[in-house]
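A.B. asks: Provide a 3D model corresponding to the input given below.
(one chain, ligands or ions: 1)
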Amino acid sequence: VLDIGKLYGKAGVFTYDPGFSSTASCESKITYVDGDAGALLYRGYAVEDLVARGDFLETCYLLFYGDLPTAAQKRDFDYRVTRHTMVHEQMVRLYQGFRRDAHPMAVMVGSVGALSAFYHDSIDVEDPHQRMVSSIRLIAKMPTMAAMAYKYTTGQTFVYPKNDLGYAANFLRMCFAVPFEEYQVNPALARALEKILILHADNEQGASSSTVRLAGSSGANPFACIAAGIACLWGPAHGGANEAALRMLADIGRPERIPEFIARAKDPEDPFRLMGFGHRVYKSYDPRARVMREICREVLAQTGVEDTLFQVALELERAAGSDEYFIEKKLFPNLDFYSGLTLQAMGFPTAMFTAVFAMARTAGWIAQWMEMLADPGQKIGRPRQLYTGSPRRDYVPVTKRG
Ligand code: ACO
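C.D. replies: Now for the predicted structure:
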């Protein structure tokens, strides 16, 4: 806390908090993270319970409305979502404008933002009914659009949604079915994906959720706000970490090389970090990582994929868990540590991992956005800065400089 009077000649206090590690930007009733106890609650429900017994659309309902749905409410919500899974046929041309080798997240930033150009009613963000319509459209279309981003990079034709399938099953089919070939969704993999989506659905004010709130605080179109969240999520310190974690496990390759990588992560001269380790808020075990580890085990058993890297991951977790550096700095595996392995075993290429994360986190982003707009005290987000640049200077014409 600085004396603002000394700095700017005005009364009051001014907090300088890089990375906002001790500054609450909002009040929220959606998600509670107890970083010391390693607990994550959505609207008061433990994420582990929701994963074990619920499905992703039920979690969306919970995040949006605040309570779990009754059976009739759930039927109605599922119906409303599945009616909106298609995207306008002109979107196909938008996808075709990207290079074939575009990263799916680059395509997602562009294509989700472009939905703003299709739904002019969505700009009426003051109307709660309209906000819900946009939210349902987003939840419904994200799997279709993520699958299109994937199909586009493979050069295959897009697969339309099949609305009698569940949310995750539909997505798997849109990604992996090919024309003229029979494709049956493996129900165990669809169930595993539902669990993965629930685990990723919200995590209070993470960088991407804060980005969505900040973008939305100006009254911007919801599709543009979610595109901003996708852009933020893409970074390797956030959602891109699962891709980076898998790459790191592949680089390690075998358990004997773990000490070398642990030594590098501890070396202050080496920028290398153990990807999938550490979290701004979870200072004890990330509860999502524990669940994800078990989902990974189930998916590997189901697909028969060789689990060499899973063994490396287990051993790395064990080795870091008994190392003073990691204990002292409270660095434990986070959600991303096992999710890359799991998604890879399901058949997704690494570039799609963050797109799956974005699909799931859209639920949380939307819930945060709706909560913010419903708050009568809501203001445009406008962080202050601590100016450390030059004092006022006189302008010198270009001919007299140097
Ligand atoms: N490996 C080795 N050392 C680490 C790691 C790591 N993964 N993470 C943090 N540290 C060390 C830092 O070097 C720092 O050491 P110092 O005190 O000697 O300077 C100390 O721990 C604190 O690290 P910060 O970067 O200040 O912690 P912060 O809370 O800002 O960062 C973050 C959290 C970004 C997640 C960090 O732990 C990290 O980079 N992890 C790897 C990337 C990752 O897995 N990201 C996924 C986040 S979870 C998610 O998006 C779902």
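A.B. asks: OK, contacts around Ser208?
C.D. replies: Shown in contact with Ser208 (C-beta atoms under 8 Å, 6 or more residues apart in numbering): Gly229, Ile230, Cys232, Leu233, His238, Gly239, Arg361, Trp365. No exception for glycine: its C-beta is placed from N, CA and C like everyone else's.
A.B. asks: Keep only the residues you listed that also lie close to the ligand.
C.D. replies: Contacts with the ligand are made by His238, Gly239 out of the contacts of Ser208, judged by C-beta under 6 Å from any ligand atom.
A.B. asks: Let me have the contacts of Ser208 in a markdown table, adding pLDDT and secondary structure as columns.
C.D. replies: Output for these, formatted as a markdown table (pLDDT from 0 to 100; DSSP: H, G, I helix; E, B strand; the rest coil):
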| residue | pLDDT | secondary structure |
| --- | --- | --- |
| Gly229 | 98 | helix |
| Ile230 | 97 | helix |
| Cys232 | 97 | helix |
| Leu233 | 96 | helix |
| His238 | 85 | coil |
| Gly239 | 83 | coil |
| Arg361 | 98 | helix |
| Trp365 | 98 | helix |
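A.B. asks: quick one: which of the contacts of Ser208 is nearest Met86?
C.D. replies: Using C-beta to C-beta, Ile230 is the member of those that lies nearest Met86, at 20.2 Å.
A.B. asks: tell me which element the closest residue to Thr350 other than its chain neighbours is part of?
C.D. replies: Sequence neighbours aside, Glu243 is the residue nearest to Thr350 in space, at 4.8 Å (criterion: C-beta to C-beta, 6 or more residues apart in numbering). In the assignment (DSSP states H and E), Glu243 maps to helix 241-252.
A.B. asks: now for that helix, which elements pack on it?
C.D. replies: Counting contacts by 3 or more C-beta pairs under 8 Å, 6 or more residues apart in numbering; DSSP states H and E, helix 241-252 is packed against helix 258-266, helix 308-321, helix 335-346, helix 353-374.
A.B. asks: The same query, at a cut-off of 7 Å, please.
C.D. replies: helix 308-321, helix 335-346, helix 353-374 (3 or more C-beta pairs under 7 Å, 6 or more residues apart in numbering; DSSP states H and E).
A.B. asks: With Phe56 as the reference, name the closest of the ones you listed.
C.D. replies: Closest to Phe56 of these, according to C-beta to C-beta: helix 353-374, at 7.3 Å.
A.B. asks: sorry, back to before: export the helices and strands packed on helix 241-252 to CSV and append columns for mean neighbour count.
C.D. replies: Formatted as CSV, those follow (neighbours: other C-beta atoms under 10 Å):
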stretch, mean neighbour count
helix 308-321, 18
helix 335-346, 27
helix 353-374, 25
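A.B. asks: Redo the contacts of Ser208 as CSV? Include distance to Thr303.
C.D. replies: Output for the contacts of Ser208, formatted as CSV (distance: C-beta to C-beta, whole Å):
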residue, distance to Thr303
Gly229, 31
Ile230, 28
Cys232, 31
Leu233, 26
His238, 27
Gly239, 23
Arg361, 25
Trp365, 30
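A.B. asks: Whichever of the contacts of Ser208 end up buried, select them in PyMOL.
C.D. replies: Those of the contacts of Ser208 that count as buried under 16 or more other C-beta atoms under 10 Å are selected in PyMOL with:
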select buried, resi 229+230+232+233+238+239+361+365
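A.B. asks: And the average pLDDT for stretch 263-283 is what?
C.D. replies: Here stretch 263-283 scores 93 as its mean pLDDT.
A.B. asks: Mind listing what's buried along it?
C.D. replies: Of all the residues in stretch 263-283, those buried under the rule 16+ other C-beta under 10 Å are Ala265, Lys266, Arg273, Leu274, Met275, Gly276, Phe277, Gly278, His279, Val281, Tyr282, Lys283.
A.B. asks: How about stretch 176-186?
C.D. replies: Phe176, Ala177, Val185, Asn186.
A.B. asks: For the ligand, what's the nearest residue on this protein?
C.D. replies: Among the residues of the chain, Gly278 lies nearest to the ligand; the distance is 2.3 Å by C-beta to the nearest ligand atom.
A.B. asks: about what we covered before: so which of the buried residues of stretch 176-186 belong to helices?
C.D. replies: Counting by DSSP state H, the part of the buried residues of stretch 176-186 found in helices is Phe176.
A.B. asks: Next, give me the two most distant ones among the buried residues of stretch 176-186.
C.D. replies: Taking C-beta to C-beta, no two of those sit farther apart than Ala177 and Asn186, at 12.4 Å.
A.B. asks: Can you convert the helices and strands packed on helix 241-252 into CSV and add a column each for distance to Ser209?
C.D. replies: Output for those, formatted as CSV (distance: least, C-beta to C-beta, whole Å):
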stretch, distance to Ser209
helix 308-321, 27
helix 335-346, 14
helix 353-374, 5
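A.B. asks: Report the angle between the helix holding Glu243 and helix 308-321.
C.D. replies: 100 degrees (axes from the mean of the first three to the mean of the last three C-alpha atoms, to 10 degrees).
A.B. asks: Send me helix 241-252 as CSV with only the CA atoms.
C.D. replies: Coordinates of the C-alpha atoms in helix 241-252 are reproduced here as CSV (Å, rounded to 0.1, in the frame of the first residue of the first chain):
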residue,chain,number,x,y,z
ALA,A,241,0.1,-25.9,-19.7
ASN,A,242,-1.4,-29.4,-20.4
GLU,A,243,0.2,-29.3,-23.8
ALA,A,244,3.4,-28.2,-22.3
ALA,A,245,3.2,-30.8,-19.5
LEU,A,246,2.8,-33.6,-22.0
ARG,A,247,5.7,-32.3,-24.1
MET,A,248,7.8,-32.2,-20.9
LEU,A,249,6.8,-35.8,-20.0
ALA,A,250,7.8,-36.9,-23.5
ASP,A,251,11.1,-35.1,-23.2
ILE,A,252,11.8,-36.9,-19.9
